[in-house]
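S.K.: please find the sequence and the predicted model below.
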Amino acid sequence: MPHCTNTVELERIPDADLRAENRAEWLAGEYRASDYPTAHVHYDLPGQAFIVVAPQGGASA
Ligand SMILES: [Zn+2]
């Protein structure tokens, strides 16, 4: 998946939870079903967390 710059962060799930990635993916799906059709998951390496992001400038929100 190509990763994007200039995103807005919607959710942050610390990697301490073994199911963090599943939870992040699920949340991204929830966002895609509502106001953020381009929402998807990134991994924030410095922050050791999965983040649900939406690219800015695509959809008008
Ligand atoms: Zn991305």
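M.R.: Yes, it's here. Bear in mind that the values here come from a model prediction, so they are computed numbers and not experimental data.
S.K.: ok and the residue in this protein nearest the ion?
M.R.: C4 (3.7 Å; CB to the ion). All C-beta spots, glycine's among them, are computed from the backbone N, C-alpha and C.
S.K.: and that residue, what is it in contact with?
M.R.: V53, P55 (CB atoms under 8 Å, 6 or more residues apart in numbering).
S.K.: let's verify the residue nearest the centre of the chain: helix, strand, or coil?
M.R.: Among the residues of the chain, the one closest to the centroid is V52, at 1.3 Å (CA atoms, centre = their mean). Under DSSP: H, G, I helix; E, B strand; the rest coil, the three-state class of V52 is strand.
S.K.: and if you look at Y31?
M.R.: helix.
S.K.: that's a strand at R12, yeah?
M.R.: Yes - judged by three-state DSSP, R12 forms part of a strand.
S.K.: nearest spatial neighbour of P55, chain-adjacent residues omitted?
M.R.: Using CB to CB, 6 or more residues apart in numbering and skipping residues adjacent in sequence, the residue nearest P55 is C4, 4.8 Å away.
S.K.: surely the residue nearest to the centre of the chain meets V8?
M.R.: No - in this structure, V52 is not within contact of V8 by CB atoms under 8 Å, at 9.8 Å.
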